[in-house]
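Asks: Model the structure of this input:
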Amino acid sequence: MGIYGMGTNIGLKRVIDSRQGITYKELLQVRRKYIQKANIRQAISKVVNAIFEVRNPDIWGEGTTSCASDSKKFGSWDQNLMTEWDIRYGGRGVMIYWQVEKKSTCIYSQLKRCSSSEVSSMIEGVLGHCIEMSIDKQYVDSHGQSEVAFAFSHLLGFSLMPRLKAIGTQKLYRAVSVNDEDYEHLLPIMTRPINWELILKQYDEMIKYTAALKQGTADPEGIVLVKFNRTLFLENFHS
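Replies: Below is the predicted model:
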């Protein structure tokens, strides 16, 4: 009853209205003692792994190693400490970010602020899903990708597969400096050469933070992405 009341957002007091012999204080005690985030994560992990195990390959196909992720904004009370104004959709609320595997089973979900980076949420979901399935491809929308996201996805061992909304305006970096005549038909979609010196300068730091991400000692948003996005911005600004 406690999980049902919390999961459906009905609340514990409304749940006990339809039950006899159970008081609000008893249900509140159960929630405080047994319903904890870590325990719920473990329970979800067992349910998802069981679903993967009982699937009939003739119906569902072979097990997948790819998933898609996206967020949805939900309205919430102003008193909620995570409530923010959403600049994309308007209104105050919070963001729920889901990681869903190819056969429509949710393997990870997160409660985030509306201003939180979807890139960091994507990386957190890939690393922290706690199920037996390993992810080698991660599909995202335009807000779930960036240059820094591609770099850390490669170092973490999975392919980032974005669906780019403005694909017609995307530009490609050149591997080296070349004459325009060598790529005359590609000039409209090409831009400056890759800054290999910047990659070399930041490589040791990237490896260090990649290892920290895998060990769970670094926060994707607060440490890695903010640091390297700022570095990338400053380098591009000065260049």
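Asks: Give the residue spans of the chain that score low on pLDDT.
Replies: 9, 18-20, 223-225, 229-239 (pLDDT under 70).
Asks: Most remote residue from the middle of it, which is it?
Replies: Distance from the C-alpha centroid of the chain peaks at residue 21, with 42.3 Å (C-alpha atoms, centre = their mean).
Asks: Okay, that residue and residue 39: tell me how far apart.
Replies: Separation of residue 21 from residue 39 (C-beta to C-beta, to the nearest Å) stands at 25 Å. Glycine gets a C-beta too; all of them are placed from N, C-alpha and C.
Asks: what helices or strands is the host helix or strand of residue 206 leaning on?
Replies: Taking DSSP states H and E as the definition, one finds residue 206 inside helix 196-215. For helix 196-215, the packing partners by 3 or more C-beta pairs under 8 Å, 6 or more residues apart in numbering; DSSP states H and E come out as helix 118-128, helix 147-156, helix 226-238.
Asks: What's the end-to-end length of stretch 177-190?
Replies: Terminal residues of stretch 177-190 are spaced 11 Å apart (C-alpha to C-alpha, to the nearest Å).
Asks: and the most centrally placed residue in the chain, what does it touch?
Replies: By C-alpha atoms, centre = their mean, the mean C-alpha position of the chain lies nearest to residue 122, the distance being 1.9 Å. By C-beta atoms under 8 Å, 6 or more residues apart in numbering, the contact set of residue 122 is 69, 97, 99, 138, 140, 144, 149.
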